[in-house]
Every structure is written in C-alpha cells, then in structure tokens.
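Asks: Please work out how this folds:
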Amino acid sequence: MKDFRSVADTVAREIAAGRLKPGERLPPQREFARRYGIANSTATRVYQELARRGLTVGQVGRGTFVRDAPGAPAPAPALSEPAVGRVDLELNHPVVPEQAGLLAAGLGRLVCPERLESVLRPVGPDGTPAAREAAADLLARGGWRPLPERVLFAGNGRQAISAAIAALTRPGARLGVEELTYPVLKAIAARLGVTLVPLAMDAEGLIPEAVEEAHRAEPLHAVYVQPVLHNPLSLTMPPSRLDRLADVLLSLGIHAIEDAVWAFLRGDLPPLASRAAERTVLVDSVSKRLSPGLSLGFAVAPAALMGRVAAAVRSGGWVPMRFPLEATCQWQADGAVDLLVRAKRREVMARQEIARAHLGDFRTRSDPLSCYLWWELPSPWRADTFVAAAARHGIAVTPAAAFAVGRHRGPQAIRLGLASPTAATLSRALSTLGDLARSAPEDLVQD
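Replies: Numbering: from 1, shown residues only. The predicted model follows:
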C-alpha cells in the first residue's frame, strides 16, 4: 500500500519541476485515487498534505489548484506549532544555553509555600501594582519608559494584538497594515471581521504618506505597524520616519497598534509610542525575550483607551495567568531578563554570520540583530516551487505570499527564520538551500 506522503512527494516533484503549473487544477480526488492506484481516503490525505505544505489551495465548488492561481485565496498563515522531523525555518524560537539556569533560579523563589498561594490566585488585565512597575522596566528602551498605570496584561502577545484591534475597530472596519505583514495578523483580522488595507513600504518601512492616501480614499479606523525589525523584512524605521508617522497619526486622529515584539533586540530605539503616546497602543510579549514556552502579553494604552482595551481582554477570554506574570516580575527584579536579552543579541548576530557564510552571494535583506532573513530568489525560481523543493529536503520555509495583504501576491521571495534550529542544523540547512538555489528547477526532474 502506498503511503500518502510518498504520493504527495511525487506531486510536489511535479510542481517543483514545472510540469504542474500555477493555476492548474488537480483532478477530483476519486480520479486522482484511480490514477495513482490508492484508496479514496489516501487521496484525501494526499490533498491535505499538499495543502499543508503550501503547494495547493482549495476553492469551494471549484476544486484544488496549484498555488498562485489567479484569484486563489491567500495562503494560510505560517504554522502555529513546529512540525516534528524536519528543519523548521518558518518559526522563530530564540533560545540560548544559559536560559534554563537563569529562569530556574527565579522560579525557585516562587514555589515556596508562603508565596505559591498568592502566585496561583487569579488576576485581571491590570495585573498588580508590582507587575505594572516590573513591566514598565522591562518594556523601557531608548530613554522611554511607559507609565506603569498605562500597562495592561494579556495571556500572550497575539492576544494583546487581538485586544488592541478589538478595542480600536469594529466588524467591517478598515485597518491599515504594511503591505507585507505578520501572517497571524491576517487571521486575527478575519476572525474579528476587520478589513486589512495594504499600505506601501520602502527601504525605511511604512510610508506615512501611504497612510494619508488610504485614509483619504476611505477612512481608516486604525493602523498596525512594526517599526523595529519588521517581520518579514527586518526593516527598522529611522527616527525621522517615526516622527513623520507620528505627525500623520496626530493630524488625522488615527490610532496605531505598535507591535514591538522584536524590539528588545534593538533596545536603543525609542518607540512610536514615545512620539504619539495618546494615539498609540504598544503591544509586546515575553516569549521571544525569555522563553518560547512562556505566555504573557503586554498592552501599553493611552488613558482614554485603557477601559476599552481591558474590556476587550476580558471579553475575549485573554486575561493573563498570574504565575507567568509573577515569574516575569521576579526575573526582571533579579536581572535575568537583562542577561537573557544580551545573550540572545549575541546569538542572533552569530546566526546572521552563518547566514552570510552560506547565502552571502544571493539577494537577501536582514539586520545584524534580526532573527529573520528575506531572500529574493534567483530566476527562474518561483517561491512556490522553491518551497516545494525545500520541503523535499526536509526544510520548511515561508513564501512571500504568506505575508502579502490583499490581492498583492508578493515577490518571488521566501522568509527564513534563523532562531529555532541549533546553529549546526541551521548551517547545514542553509548550505542545502544555497545549493538548491544555485540549481535550476528543471534540474530537479527525476527519470
């Protein structure tokens, strides 16, 4: 009996070699099953596997198509959990060797009986006075420190984003976003019934005039922006660009949601919230700077929006757990947060060196302190065929289309996450991808 994965591999090779072209419709599953001599249930699993790999898209009432078909729905966001048995360059979970030891010391102080009882009590989005002070210290950068009374807490960073969007918009609202954006944001907006409006970018990030233009065409309710180490392009907006964006927000009366989840790697830069505090909700989390298994989000909101953001956290079921909140306070107090941030900056720079060693002769874009690398593939490679070819080598990468907003399909590029594998595994994977890119898709044809 044929394994569904081996059949999916065969179809993936057809796509990578160009024998199945973008937009081409696959046969109905019953016909596919007869063609390959497999059961109908196996054919169903093959089609599911091809969709999971990002090679195909299904359209209700029309069938299954090789991705990049005109009018095909946008690809699903990047996977929320790493797959087993492959090199995952989709997700980024920064980890350093000293991480467990530093975190264990702080946890030990929380599990003594006299403290554990209070640590396990429920808590609301406003946390505790001590937690707000600790969070203000943790979020401070570039000479800016948020007012502790403006800090709210959520279960994680995604929930903080969801709460901010829910507080600033309503179903049917228009949310301006960078034309390439965090894929999970697209899922959040769809769930909340919010329409994303792509905003033009250049080498310095979001173009403020694009906000003005979109708002004139039809009013925007808010703007979501990643000013520091933008995902996926690793761009950081210079001070002059941030100043101009703040002026636009203030003059138009538009609120911004500032995603600062990667900004801890560039702690010298003050946020947009320092320039337009009354118009900005800054969101952040601890999972990147401390540990991927930790779950705690922050939202720094203007006084006028505190009640709305807190209500969104409660109604969404996004209130934080008290244990990670108290643990973060302890780690901030004993210096573990600062030590881990410094260690992760060093690790990121080392991984960027690995990337340069293997991909330095290609057209890439990143930052010495970014965990991402944006790779514009050499011709004749297309993003979809390269993703398929990489998957055959057991390497998961993310195509540009996963980040594109609206009808824009994105360039023939992929994003690589550099943080999750070990350094040795990353080096081997990037070497394989470099060799792959230097070949031509037709070289993959097997007799």
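
Asks: downstream neighbour of the helix or strand Asp338 falls within in the secondary structure list?
Replies: Using DSSP states H and E, Asp338 sits within helix 336-359. Next in sequence after helix 336-359, counting helices and strands by DSSP H and E, comes strand 363-365.

Asks: what mean pLDDT does that next one have?
Replies: In this model, strand 363-365 carries a mean pLDDT of 97.

Asks: In terms of secondary structure, what does it contact?
Replies: Strand 363-365 sits against strand 372-376, with contacts defined as 3 or more Cβ pairs under 8 Å, 6 or more residues apart in numbering; DSSP states H and E. (Each C-beta comes from the backbone N, C-alpha and C, glycine too.)

Asks: Starting from the strand it packs on, tell me which strands it pairs with and how they run.
Replies: strand 363-365 (antiparallel), strand 413-417 (antiparallel) (DSSP bridges).

Asks: Now do the buried residues in the first one.
Replies: When you say that, I think you mean strand 363-365. Going by neighbour count (16 or more other Cβ atoms under 10 Å), the buried part of strand 363-365 is Thr364, Arg365.

Asks: I would like the residues contacting that strand, please.
Replies: Residues outside strand 363-365 that contact it (Cβ atoms under 8 Å, 6 or more residues apart in numbering): Leu233, Ser234, Leu235, Ala355, Leu373, Trp374, Trp375, Glu376, Pro378.

Asks: so how many other residues sit close to the fourth one?
Replies: Per other Cβ atoms under 10 Å, the neighbour tally for Ala355 reads 22.

Asks: hang on, isn't it packed against Ser366?
Replies: Yes - with contact defined as Cβ atoms under 8 Å, Ala355 counts as touching Ser366 (7.1 Å).

Asks: overlap in contacts of those two?
Replies: By Cβ under 8 Å, 6+ apart, Ala355 and Ser366 have these common neighbours: Leu373.

Asks: can you pull the buried residues of stretch 310-329?
Replies: Neighbour-count burial for stretch 310-329, counted by 16+ other Cβ under 10 Å, picks out 310, 312-313, 318-329.

Asks: In TSV, list the strands paired with strand 372-376 along with distance to Gln48.
Replies: Formatted as TSV, the strands paired with strand 372-376 follow (distance: least, Cβ to Cβ, whole Å):
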stretch	distance to Gln48
strand 363-365	32
strand 413-417	23
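
Asks: Out of those strands, which is closest to Ala383?
Replies: strand 413-417 (5.7 Å; Cβ to Cβ).

Asks: Just after the closest one, pick out the following helix or strand.
Replies: Next in sequence after strand 413-417, counting helices and strands by DSSP H and E, comes helix 423-438.

Asks: For the residue nearest to Ala304 when sequence neighbours are not counted, give me phi and psi.
Replies: In this structure, Ala304 finds its nearest non-sequential neighbour in Glu278, 7.2 Å apart by Cβ to Cβ, 6 or more residues apart in numbering. Main-chain torsions, Glu278, degrees, to the nearest 10: phi -80, psi -10.

Asks: Check Glu278 and give its pLDDT.
Replies: So, for Glu278, pLDDT stands at 96.

Asks: Tell me if I am right that His230 is in a strand.
Replies: No - using DSSP: H, G, I helix; E, B strand; the rest coil, the assignment for His230 is coil, not a strand.

Asks: That one: what's it in contact with?
Replies: His230 sits next to Glu178, Gly205, Thr236 when contact means Cβ under 8 Å, 6+ apart.

Asks: how close does the last one sit to Leu120?
Replies: Yep, that's Thr236 we're talking about. Separation of Thr236 from Leu120 (Cβ to Cβ, to the nearest Å) stands at 40 Å.

Asks: all strands for the stretch 251-400 of the chain, in order.
Replies: Ranges of strands within the stretch 251-400 of the chain are 255-259, 280-285, 297-300, 363-365, 372-376, 395-396, 398-399, based on DSSP state E, counting those that start in this stretch.

Asks: Any chance of these in TSV with distance to Asp268 as columns?
Replies: Converted to TSV, those look like this (distance: least, Cβ to Cβ, whole Å):
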stretch	distance to Asp268
strand 255-259	17
strand 280-285	16
strand 297-300	19
strand 363-365	21
strand 372-376	19
strand 395-396	33
strand 398-399	29
